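> need a 3D model of the following:
(one chain, ligands or ions: 1)
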Amino acid sequence: MDRLTRSPRELEDVIDLHDRHGVQLATCGSEIDLSTPTGRLIARTLGAAARHEAEHKGERQRRQSRQAAGQGKAHGARGYGHTRDRAQVVEAEAQVRECARRALAGESVKGLAVALNDQGILTMTGRQWTRQALRAVLISARISGRREYRPTDSYQPGHRPLTGPITAAGMWPQIISPEDSDRLRALLGDSSRLRPANRSYRYLLSGVFRCGVCGTPIRGRAHAGRARYQCVKQPGRPGCGKIAVFADLAEAEARDKILTALNESPGLLGALLAKQQAAAAGADSDDPGARLRAIDERRDELAAAWAAGEISRKEWATAKRVLDGQASQIESRINRSARARALAEFAALTGDMWQRWEDPAMTTSARRALIEACVIAIDVRPATPGRRWDADRIQPVWIA
Ligand SMILES: [Zn+2]
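Numbers count the residues shown, from 1 in each chain. Model prediction:
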């Protein structure tokens, strides 16, 4: 009976099924005749007992796994990069380290997954990497030698949370440092909020290009089969609708203006790098990831208080706004640190600026981070009538 039905409600469904279709049911050992009141009573009693047992078992398992987590014991299936018992790093899988480094430098996880697949590197189960699969590996505390605990009762319906509190450190060989792991977990962790550094950009300079007439940041969009950046005029939005430029021309021009500047002033790259690293220094020192997680927790507490009727909707909304503001400040600091890393990567590459730009290490997100490190925005001026392409339309606003 406990195999067939886990809950009294399901049992009632089975009894209904029997009544309608005369389905006969045999349980191991005894046959229960659902057509008689006595048979149904037995079935219901057995069912309730099975349910009770299942609930107890669940509680017992939760207690055990909480205890195991506290002691830092390994659990579950083998994790990518470690042997089953976690005593050793599987060197063939240790390119996780490289992925972590590039993700921290601002590259998108999706781009990294594509790169792994292109190299013919598969997951443990022999599949192609997806963004989700790679993200799960990168944000696991395991790869930093630490144990985290994600109790089953913290699951949202159908979703295991991506991260949980760290319960033990230094339990097995680490593939990346706990500090890098904390940054990755902050960048790529739970939360439906899009972390800016985690966006992968279809248009290299969406939001970096600015309308040269009204000053609104402009985005890329396909228009009549060709990608353009366009100031869009919409009711209630700030755009003026007066500027549009072909994406390929505008991006190439922006790239050349920035690379030319870097090329012509030898000290510029170093100066920008120092500036970005100084700006990022504070962001790294006080564990922004932990602060973001703390804010997420407070958001949850607030939502729970509102659901329980302890605070009004208005109070909840006000407090949430404050927390959202704090979170976006911290996120922009995490972004600064991603930009500093991208710039450091670029500075470490060899060759002239254009060769570096074309280097396989420079993905779209890395290129974008490089440009964001150099300019506040890039203004797009109106076209001069009658001219095919006017390079002066693209005007970088340099970071002073
Ligand atoms: Zn405009």
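> quick one: the strands in the stretch 301-400 of the chain?
Taking DSSP state E, counting those that start in this stretch as the test, the strands found in the stretch 301-400 of the chain are 375-380, 394-398.
> again, but for the stretch 151-300 of the chain
166-168, 209-211, 219-223, 226-230, 244-246.
> tell me the most buried of the ones you listed?
Highest mean neighbour count of the strands of the stretch 151-300 of the chain: strand 209-211, a mean of 25 (counted as mean count of other Cβ atoms under 10 Å). Every C-beta, even on glycine, is put in place using the N, C-alpha and C of the backbone.
> how about that strand and the ion, any contact?
Yes: shown here: strand 209-211 in contact with the ion (Cβ under 5 Å from the ion) through C211.
> which other helices and strands does that strand contact?
strand 375-380 (3 or more Cβ pairs under 8 Å, 6 or more residues apart in numbering; DSSP states H and E).
> quick one: distance of the strand it packs on to the chain centre.
27 Å (Cα atoms, centre = their mean, to the nearest Å).
> wait, does that strand contact the ion?
No: using Cβ under 5 Å from the ion, strand 375-380 stays clear of the ion, coming no nearer than 9.0 Å.
> ok, back up a step: which one of the strands of the stretch 301-400 of the chain is the most hemmed in?
Among the strands of the stretch 301-400 of the chain, the stretch with the highest mean neighbour count (mean count of other Cβ under 10 Å) is strand 375-380, at a mean of 20.
> what's the helix or strand for the closest residue in space to R131 that isn't next to it in sequence?
Take R131 and drop its neighbours on the chain: the residue closest to it by Cβ to Cβ, 6 or more residues apart in numbering is K110, 4.3 Å away. Here K110 sits within helix 109-118, counting by DSSP states H and E.
> pLDDT on that helix, on average?
What helix 109-118 shows for mean pLDDT is 90.
> distance of the spatially most central residue of the chain from the ion?
The centroid of the chain falls nearest to L188 when counting by Cα atoms, centre = their mean (3.3 Å). Distance, L188 to the ion, using Cβ to the ion, to the nearest Å: 34 Å.
> touching, that residue and A136? I think so.
No: at 9.4 Å, L188 and A136 do not qualify as touching, with contact defined as Cβ atoms under 8 Å.
> what touches both of these two?
Counting by Cβ atoms under 8 Å, 6 or more residues apart in numbering, the shared contacts of L188 and A136 are L162.
> list the contacts for G145?
169-174, 178.
> which residues of the stretch 1-150 of the chain fall in helices?
Listed in chain order, the helices of the stretch 1-150 of the chain (DSSP state H, counting those that start in this stretch) span 8-21, 37-70, 96-104, 109-118, 131-138.
> which secondary structure elements does the helix holding K110 contact?
helix 96-104, helix 131-138.
> and the residue lying closest to L349 once chain neighbours are set aside, how many neighbours?
Closest residue in space to L349, ignoring its immediate chain neighbours: R356 at 4.2 Å, by Cβ to Cβ, 6+ apart. A total of 20 residues lie near R356 under the criterion other Cβ atoms under 10 Å.
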